[in-house]
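1. following is a predicted model, sequence given first.
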Amino acid sequence: MYFIDAENVKKVYAEGRQKHTVAIEDFTLQVAEKEFVSIVGQSGCGKSTFLLMVAGLEQITEGRLTIDGQPVNGPDPLRSIVFQEYLLFPWKTVRGNIEFGLELNKIPKKERSNISSEYIRLVGLTGFENRYPHELSGGMKQRVAIARALVNKPKVILLDEPFGSLDALTREGLQTELLRIWLEAKCTVLFVTHSISEAIYLSDKVAIMRKRPGKIKEMITIDLPRPRTRDVFISPEFREYERYLKELVWEDL
Amino acid sequence: MRFNYKKMISPLSILALWEIIGRFIWIDPFFFPPPTAMLRELYAMTITGEVFPHIGISIVRALSGYILAAFAGLTLGLLVAWSRVVENIADPLIELVRPISTFALVPVMFVWFGIGNGSKIAIIFKACFFPIVLNTIAGIKGVDKKLIQAAKSLGAEGMQLWIKVLIPAALPMIITGLRISTAMSMLAIVGVEMIAADSGIGFLVIDAQRTFATARMFAGIIVISLLGFTFDRIARFVENRILVWHTETSLSGRMT
């Protein structure tokens, strides 16, 4: 039994009375518990749509989608999503944003603050607790968004191109941070990205999507030892994975 | 909000020029009473205390109408944004009544609420209600769909989604509506007091005009200007206090 189990999932968007767009079709993907899986594909291939469906924010039209054996039925804090645009609450401080999930669960203030401090430390934002989002850099905002998603101790964390709007250096830093956080948080990760090398560096498995309609074309296991350092980027194995995956993506261009 | 002395130059120059024209060039002071004459009048009104009841009653009327409009406008705005049914009922009515000039409704309000304070408060209500209701609707409907998705994925739903996400996210727009309406209330109260009242700052000005006391008339206008200015400043202060987190209206009022 897979932890995330999608079988022949189809998603159709109705546009007006007659027009329908098939976003994804025949989509099958299996992810084991605590696995880190990336989905790579061109813009508009439906990878974000799939993530929204796992998050319970979009309904599937046909097929089967279960998490831990349970069909997805609406959003659940145990399946947190992090978006490219951060989407922090601008009226809340760093601490306030991170505590949001706890506040909804009516956790007492004292306890909330203990828990949030732990996650502030985990994402390396100690000293910035009382800043508002507009006072933070893009990389810091995304750290807050990740901590905010982790605070409910989710079983799955869904990341939708989380580093897509960051500069290259910040991006590299956060990739390494994410691996460290993942090892500490011990959850299943579904990671959507455009970047093949990012996917290889982070993941246990990389799934390549083709578009129109979106479906998984191939999923390969990344057999690189962990913990990985950035030296892995220049190893021959890494290069070989990169070459192979790029070919797969280019076939559809 | 630091006081900028440079911004005093243009109004003071105009007043000085006016003074010179009024004193040294032959112009009938009936039309252009020199600013010193206006100030003398203003000083006299203040010393005798006769201006204060007028200011007081104007503020009471404006504030009563404003507060009623704020409650009604916020409530209806939230209901419209919340329910399609309420929207379908209320939206056409809002769009039909909104374009009617506030003062076109003065006769109606006199018929319905009599010539006393009731009709004046009703007029202020009409002037203030629409900016508040429309900004509340636009504020809630304009909340980023993805922000809502993010909140839902963290476990927010139902009332919690409204109280903890939608309303705070819409607050900048809602507050803007409330601030615009403070200005509307000042505009409307003066107008309606000129049409029919025996007290209030608008009455003071029109009464001075009718008795050919033009210096007194201008003195009243200065009071109106100061009142409007004060209201606006208070509204901005409150706005900045509530929206410290909001980038576009940071404390200094600059874009950041």
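-> The structure has been received and is ready for your questions.
2. which parts of the chain are helices?
-> Here I'm looking at chain A. A:47-55, A:94-98, A:100-104, A:109-122, A:138-150, A:168-185, A:196-202, A:236-250 (DSSP state H).
3. you looked at the wrong chain, it should be chain B
-> Ranges of helices within chain B are B:9-24, B:35-48, B:51-82, B:84-97, B:106-113, B:117-141, B:145-153, B:158-161, B:167-195, B:201-210, B:214-242, based on DSSP H.
4. identify whichever of the helices of chain A lies nearest to B:L161.
-> Nearest to B:L161, of all these, is helix A:100-104, at 9.4 Å by C-beta to C-beta. C-beta coordinates here come from the backbone N, C-alpha and C atoms, glycine included.
5. quick one on the thing from earlier: export the helices of chain A as CSV, with columns for mean neighbour count.
-> Shown next, in CSV, are the helices of chain A (neighbours: other C-beta atoms under 10 Å in any protein chain shown):
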stretch, mean neighbour count
helix A:47-55, 24
helix A:94-98, 25
helix A:100-104, 23
helix A:109-122, 16
helix A:138-150, 24
helix A:168-185, 16
helix A:196-202, 22
helix A:236-250, 14
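6. in a markdown table: the helices of chain B, plus distance to A:E218.
-> Converted to a markdown table, the helices of chain B look like this (distance: least, C-beta to C-beta, whole Å):
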| stretch | distance to A:E218 |
| --- | --- |
| helix B:9-24 | 72 |
| helix B:35-48 | 84 |
| helix B:51-82 | 46 |
| helix B:84-97 | 45 |
| helix B:106-113 | 73 |
| helix B:117-141 | 43 |
| helix B:145-153 | 29 |
| helix B:158-161 | 39 |
| helix B:167-195 | 41 |
| helix B:201-210 | 78 |
| helix B:214-242 | 53 |
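7. which of these is buried the deepest?
-> helix B:117-141 (a mean of 23; mean count of other C-beta atoms under 10 Å in any protein chain shown).
8. okay, buried residues for stretch B:24-32 please.
-> Across stretch B:24-32, burial judged by 16 or more other C-beta atoms under 10 Å in any protein chain shown covers B:F32.
9. cool, stretch A:213-233 as well?
-> Buried, per 16+ other C-beta under 10 Å, within stretch A:213-233: A:P213, A:G214, A:K215, A:I216, A:K217, A:M219, A:I222, A:R228, A:V232.
10. on that earlier part again, possible to save the helices of chain B as TSV with distance to chain A and mean pLDDT?
-> Formatted as TSV, the helices of chain B follow (distance: least, C-beta to the nearest C-beta, whole Å; pLDDT from 0 to 100):
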stretch	distance to chain A	mean pLDDT
helix B:9-24	34	87
helix B:35-48	43	92
helix B:51-82	18	96
helix B:84-97	18	94
helix B:106-113	39	93
helix B:117-141	13	96
helix B:145-153	4	94
helix B:158-161	6	93
helix B:167-195	5	94
helix B:201-210	38	94
helix B:214-242	9	91
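11. nearest to A:D252, out of the ones you listed?
-> A:D252 sits nearest to helix B:145-153 of all the helices of chain B, at 27.3 Å, using C-beta to C-beta.
12. angle of that closest one against helix B:167-195?
-> 130 degrees (axes from the mean of the first three to the mean of the last three C-alpha atoms, to 10 degrees).
13. who touches helix B:145-153?
-> A:52, A:55-57, A:75, A:77, A:79-81, A:83, A:85, A:87, A:89, A:100, A:145, A:149, B:161, B:164-166, B:169 (C-beta atoms under 8 Å, 6 or more residues apart in numbering or on different chains).
14. got the residues of the stretch 151-253 of chain A near chain B?
-> A:N152 (C-beta under 8 Å from any C-beta of the partner chain).
15. run through the stretch 151-253 of chain A and note the low-pLDDT ranges.
-> Confidence mapping of the stretch 151-253 of chain A against pLDDT under 70 gives the ranges A:253.
16. which residue does it have closest to chain B?
-> Closest approach between the stretch 151-253 of chain A and chain B, counting by C-beta to the nearest C-beta: A:N152, at 6.7 Å.
17. residues in contact with A:V94?
-> A:I120, A:L125, A:F128, A:E129, A:N130, A:R131, A:Y132, A:P133, A:L136, A:V144.
18. near chain B, from the residues you listed?
-> A:Y132, A:P133.
19. quick check, nearest of the contacts of A:V94 to chain B?
-> For these, the nearest to chain B is A:Y132 (4.6 Å; C-beta to the nearest C-beta).
20. tally of neighbours for that closest one?
-> 19 (other C-beta atoms under 10 Å in any protein chain shown).
21. contacting residues for the closest residue in space to it that isn't next to it in sequence?
-> Leaving aside its chain neighbours, A:Y132 sits nearest to B:W245 (4.6 Å; criterion: C-beta to C-beta, 6 or more residues apart in numbering or on different chains). Neighbour list for B:W245: A:P90, A:W91, A:K92, A:Y132, A:P133, A:H134 [criterion: C-beta under 8 Å, 6+ apart].
22. try it again with 6 Å
-> B:W245 is in contact with A:P90, A:W91, A:Y132, counting by C-beta atoms under 6 Å, 6 or more residues apart in numbering or on different chains.
23. quick one: the residue nearest to the first one when sequence neighbours are not counted from A:L87, how far?
-> Counting by C-beta to C-beta, 6+ apart, the nearest residue to A:P90 once its immediate chain neighbours are dropped is A:P133, at 5.2 Å. In this structure, A:P133 and A:L87 are separated by 10 Å, where distance is defined by C-beta to C-beta, to the nearest Å.
24. how about A:D68?
-> 26 Å.
25. who's more crowded, the two?
-> A:L87 (22 against 15).
26. how about that one: what's its closest non-neighbour residue?
-> Once flanking residues are discounted, A:L87 sits nearest to B:A150: 4.2 Å by C-beta to C-beta, 6+ apart.
27. which one of the helices of chain B lies closest to A:T170?
-> Comparison of the helices of chain B against A:T170 by C-beta to C-beta identifies helix B:145-153 as nearest, at 20.8 Å.
28. tell me the angle that closest one makes with helix A:138-150.
-> Using the same axes, to 10 degrees: helix B:145-153 against helix A:138-150 is 40 degrees.
29. quick one: helix B:145-153 to helix A:47-55, angle?
-> Our comparison of helix B:145-153 with helix A:47-55, counting by the same axes, to 10 degrees, yields an angle of 30 degrees.
30. residues contacting B:G77?
-> Contacts of B:G77 (C-beta under 6 Å, 6+ apart): B:V133, B:T136, B:I137.
31. I should have written B:S58 there, sorry.
-> Here B:S58 is in contact with B:I189, B:G200, B:I201 (criterion: C-beta under 6 Å, 6+ apart).
32. save those residues as TSV, and put in distance to B:Y5 too.
-> As requested, those are arranged in TSV below (distance: C-beta to C-beta, whole Å):
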residue	distance to B:Y5
B:I189	32
B:G200	34
B:I201	29
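33. got the domain boundaries for chain A?
-> According to automatic domain parsing, chain A comprises the domains A:31-60+A:70-78+A:157-253, A:86-153.
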